[in-house]
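K.L.:
sharing a model that was predicted from the sequence below.
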Amino acid sequence: MIRRILGGKPLPRINNAVDAYNLASATTCIALAAFDINRLNGQLVMRFANKGETFLGIGMNKPIILGGGEIVMVDASRLVAIYPYRDADYSRITLQTKDLTLISCGVPGIPLDQLKEACERAVKFIVRFCDGEVVDSE
């Protein structure tokens with residue numbers, strides 16, 4: 001988000017939930033991701049991609065083939081994101097999304113409390129602008 005702003009581009013307008021966590025990302029300088037829980041299959045896991053895995057990201061016309069070694073997030077059946085910048089099309093937040101999971105994306109050198117603050121701010125924005133509620137928080 002910061003790269004977009006510094007490049008003179010506006011924050012994208014997607015829907016209230018995505019806009020809310022993008023605003024939290026921009027104001028905390030922490031990358032955030034959210035996924036539609038009802039589209040996921042099992043728990044999310046972070047790992048290195050295997051050579052030849054395919055990934056269809058939001059807004060992509062066709063899948064890309066990964067070279068192997070990229071940091072990815074997966075559920076039990078497929079890739080959910082290329083960390084920390086590209087989310088999968090199938091698990092994206094839409095106007096039909098009722099339940100989502102929110103993830104703050106850390107790297108070495110970013111304190112854990114900064115990651116928690118970014119998530120907390122995103123949750124506050126989502127609750128406020130989407131009439132949401134927190135069911136489970138980790």
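P.N.:
Thanks, I have the structure now. Residues are numbered from 1 along each chain as shown.

K.L.:
spatially speaking, which residue is in the middle of this protein?
P.N.:
Nearest to the mean C-alpha position of the chain, by CA atoms, centre = their mean, lies residue 33 at 1.5 Å.

K.L.:
just the element for that residue, please.
P.N.:
Here residue 33, judged by DSSP states H and E, is contained in strand 31-36.

K.L.:
SS state for the residue lying closest to the residue nearest to the centre of the chain once chain neighbours are set aside?
P.N.:
The shortest distance from residue 33 to any non-neighbouring residue, by CB to CB, 6 or more residues apart in numbering, is to residue 103 (4.8 Å). Any C-beta I mention is one placed from the backbone N, CA and C, and that applies to glycine too. Look at residue 103: counting by DSSP: H, G, I helix; E, B strand; the rest coil, its state is strand.

K.L.:
tell me the contacts of the residue nearest to the centre of the chain?
P.N.:
73, 81, 84, 87, 102, 103, 105 (CB atoms under 8 Å, 6 or more residues apart in numbering).

K.L.:
list just the nearest of these to residue 133.
P.N.:
residue 102 (13.2 Å; CB to CB).

K.L.:
quick one: low-confidence parts of the protein?
P.N.:
Applying pLDDT under 70 to the chain flags the ranges 1-5, 137-138.

K.L.:
rerun at 80
P.N.:
Across the chain, the ranges flagged by pLDDT under 80 are 1-7, 9-13, 136-138.

K.L.:
tell me, domain by domain, which residues of it belong where.
P.N.:
Domain ranges of the chain: 1-38+92-138, 41-90, per automatic domain parsing.
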